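Student: kindly return the folded structure for what I paste below:
(2 chains)
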Amino acid sequence: MKKILIIEDDQEILSLLSRKISDAGYQVQTAQDGEEGLKILRSDKPDLVLLDIILPNVDGLELLKRKQALDETKDIPVVVISNSGAPAEISQARRLGAVDWITKTEFSLQETLDKINKIIQESR
Amino acid sequence: MESELSAQAEKRILLKGVQRQAKLRQLFIPVLLVVLVVLVVIGWKTEARFLIALCAGFIFFSFSLFLIVARFAHRTESLTLDQIQHILSGVFVLEVLTIWLFFYLFGPIAAAYQAPLPYLATIFYIFYIILVAPFFRGDNIYQNFFYGLIWIALAILIFLNSSCRFLFDYGSSPCPGESSTEGLLLLFSGLVIFMVQFVVNHFQEQANWTSDQLRRINQALKEKLKEEGYQFARLRQEQNSMRTRNIQKLREKDRQIRDLNQRLKERLESGQEPEEDQEASQMKETTEALLNILEDTEEARQRAEAEREKTMTIINNFVDALLVVDYRGLIQMINTRAREVFGLQGSDQGRPLLELGNNSKLSPALDHILDGHQLKVVKRAGFEPKEGIFYEVSTVPMPSSEEGQDYLVVFHDVSREKLVQRMKTEFVSIAAHQLRTPLSAIKWSLKMLLDGDEGELNNGQKTLMKKTYWSNQRMINLVNDLLNVSRIEEGRFLYELEETDLREMVKRSITTVETTASRKKIKISFKPGPKKLPLIKADQEKLSLAIQNLIDNAVKYSKEGGQVIVSIAEENGHVLVSVEDQGIGIPRAQQPRVFQRFFRAGNAINQETEGTGLGLFITRNIIEAHQGQIWFKSKENQGTTFYFKIPY
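Tutor: Below you'll find the predicted structure:
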């Protein structure tokens, strides 16, 4: 079973996402701040990470940087889900290795799930 | 006069000839000496050895005579041509006799060696004639006498030879006796002499100028001189007449002044009233008018001075630092603020701006505004005089003199504006996020309900739910718009400038669109450009945004299966990047508006409904903030190429 790590600080969003994704048959892990997220990333090595940018402690971009710096984690695909959406941030995230970017208000849950499926398939 | 001239010329020619021959003869003197010595030695066995030696000496002397004459040729200024010719003739006659003496003394030696004396003598004399003939010019009497003398000398030698009556015999064989051949020999030699003389003379005449020719040359020269003389005389006359005229004018002026002087004196002495004399009253009026003008000028000057004071006060209290630099690159004015900010002093006025390059606060600005010694037009070029303080420098051409372009240099502190800009961006980012989070949670929850994830809804419930969903969506749209409006100023300010490899940046941007491009079956090719590409100073975050925008657009508006070509080049101090696509293009009518805020071309909206119309606007801001330029070429349905260049 594929593991998905969701790093998101908003409770509602987090619960909606985990419900949709686990219903689709994935094993879901969650973290509500960057620090925690990195820990789980290193220990559990999920197959995909859904990452929010605005996070307490270590923010999304910083997490990406650190993730890229470690051999063991740098190949894990990351999809940034965010609502800040400044183009500068998007391109920076891309530069730091994010595979894709989803703006929560633009994508439905189903579309998010489709993207995840696609990426998981392609990375096989 | 003419005969004198030709005589002079002839004399010179003659003397020249003498010199030439003297040089030639000099070569033979040593030979002659050797021959004479040998002969003396041979003749030493006879009794008259001393006579022989004496004669040999005399022969040597006589041949040297010509050389002596040649040597003293330059002292012949006082001698006429005729006199010189006489001297030469005398020398030649002596030489003929000497030759005879030579053969007379040493002839028998030839006989002893079976050498035919007459022939030797004849040949020798012939050569001698050729040698001296040039010196006989048209003086037929002399010439004939001379050649006659030679013939006689020869005759005597022949006669002596046949009768063996030489002075000495050198133990030679017995006398051959008289024979009839002497008569023939004599005749023959005479003929030969005559012929040689004739031939030589003929050639002489051809080769030299005759007196006739000289006379004609002389005439022409005289004519020329006369002409020159006339011209000269005429100029002289003109000069004289001018002089007289000037003198007359001066005298006239002098008289006028004296008259005026006299009249003034009379007037003063007689104490006349000024009104009675018209001229004096005119003068008074003129004086008054002049005084009025002076007063007005003074007033105008004072007003100008006051204006200047006002302007200077404004300038000095201006919040921006100002400099005025003239067309030579010298600083004409430094305002108070400039003095404070850059630590300049009054003494810096008048110095070339270039010299202030060692002022650490000012030098980064100078890189932007100076082109060698002179200024160039610059708009809002950013620089950091101190860490954390940001300025923008602009140069404004001033209405100036014919000599060249003066500039006003304005330094505007943008530190606060930059800070505000950054704060605004951050605020907007956070605000957007904070507002959107609950909105997206609502959106997703509502969608789940509408999709029936928690059970089927009845119609009434569905309708109500849909209304709520759309209201929520409107809120989301409002937040989007708010975000966009605030991003308008995005890209104006650059934050961190680093040495950047533009090529690397472009490559990375290309990799980010590869997945999207491959989905549309679009091929992206990259032309990397020259091997050594200079680095540019860039805000990497912003510039990659701009590049990303162009590449994203190229892919977004390309048709399926198309090609996107990204190229890099280097061109006069700039790095040039071009992004070419074969997509929908930009309709001609809409091309002028492409960089405007919120503008999207009609065909672009059709292709891709989503888009803010801000991308190119922001991109242009970014490129221009880097002192670069951006432009494009496009044809509807064929494709578009965007170009930008940034100086390095």
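
Student: drop to CA atoms for contacts and neighbour counts, all remaining ones
Tutor: Fine.

Student: any regions of the stretch 51-200 of chain B where pLDDT drops low?
Tutor: B:76, B:110-112, B:114, B:137-140, B:167-182 (pLDDT under 70).

Student: which parts of it are helices?
Tutor: Applying DSSP state H, counting those that start in this stretch to the stretch 51-200 of chain B gives helices spanning B:81-112, B:117-132, B:140-162, B:181-207.

Student: could you confirm B:I630 falls within a strand?
Tutor: Yes: residue state for B:I630 (DSSP: H, G, I helix; E, B strand; the rest coil) corresponds to a strand.

Student: tell me how many other residues crowd it.
Tutor: By other C-alpha atoms under 10 Å in any protein chain shown, 20 other residues sit near B:I630.

Student: ok, for it, nearest residue in space, not its chain neighbours?
Tutor: Excluding its sequence neighbours, the residue lying closest to B:I630 (C-alpha to C-alpha, 6 or more residues apart in numbering or on different chains) is B:F644, at 4.1 Å.

Student: quick check, B:E47 in a strand?
Tutor: No: per three-state DSSP, B:E47 lies outside any strand segment and is coil.

Student: that one and chain A, how far apart?
Tutor: Counting by C-alpha to the nearest C-alpha, to the nearest Å, the gap from B:E47 to chain A is 133 Å.

Student: and that residue, its phi and psi?
Tutor: When read as degrees, to the nearest 10, the backbone of B:E47 gives phi -70, psi -30.

Student: secondary structure element holding the closest residue to B:W631 other than its chain neighbours?
Tutor: Ranked by C-alpha to C-alpha, 6+ apart and with sequence neighbours excluded, the top spatial neighbour of B:W631 is B:Y643, at 5.3 Å. Secondary structure assigned from DSSP states H and E places B:Y643 in strand B:639-647.

Student: and the contacts of that strand?
Tutor: B:536, B:550, B:554, B:558, B:573-586, B:623, B:626-634 (C-alpha atoms under 8 Å, 6 or more residues apart in numbering or on different chains).

Student: run me through the strand neighbours of it, direction for each.
Tutor: Strand B:639-647 has its sheet partners listed here by DSSP bridges as strand B:574-581 (antiparallel), strand B:629-635 (antiparallel).

Student: so what's the residue nearest to B:F642 when sequence neighbours are not counted up against?
Tutor: Counting by C-alpha to C-alpha, 6+ apart, B:F642 lies nearest to B:F632, which is 4.2 Å off, once chain neighbours are set aside. Residues in contact with B:F632, defined by C-alpha under 8 Å, 6+ apart, are B:T640, B:T641, B:F642, B:Y643.

Student: now do B:R508
Tutor: A:R95.

Student: if we go to 10 Å?
Tutor: B:R508 is in contact with A:R94, A:R95, B:S544, B:I547, B:Q548, counting by C-alpha atoms under 10 Å, 6 or more residues apart in numbering or on different chains.

Student: again with B:V132
Tutor: Contacts of B:V132 (C-alpha under 10 Å, 6+ apart): B:V18, B:Q21, B:L88, B:S89, B:F92, B:V200.

Student: give me the residue from the stretch 201-350 of chain B nearest chain A.
Tutor: B:D320 (31.6 Å; C-alpha to the nearest C-alpha).

Student: for that residue, phi and psi?
Tutor: According to degrees, to the nearest 10, the main-chain angles of B:D320 amount to phi -90, psi 150.

Student: cool, B:G529 as well?
Tutor: Dihedral pair for B:G529: phi 90, psi -160, per degrees, to the nearest 10.

Student: neighbours around it, how many?
Tutor: Residues near B:G529, counting by other C-alpha under 10 Å: 15.

Student: likewise for B:N458?
Tutor: B:N458 has 8 nearby residues by other C-alpha under 10 Å.

Student: ditto for the one 5 residues further on
Tutor: Look at B:T463: counted by other C-alpha under 10 Å, it has 13 neighbours.

Student: correct me, but it touches B:L457?
Tutor: Yes: with contact defined as C-alpha atoms under 10 Å, B:T463 reaches B:L457; the gap is 9.5 Å.

Student: identify the contacts common to those two.
Tutor: B:L450.

Student: what bridges to B:D539?
Tutor: Here B:D539, judged by DSSP bridges, has bridge partners B:L497.
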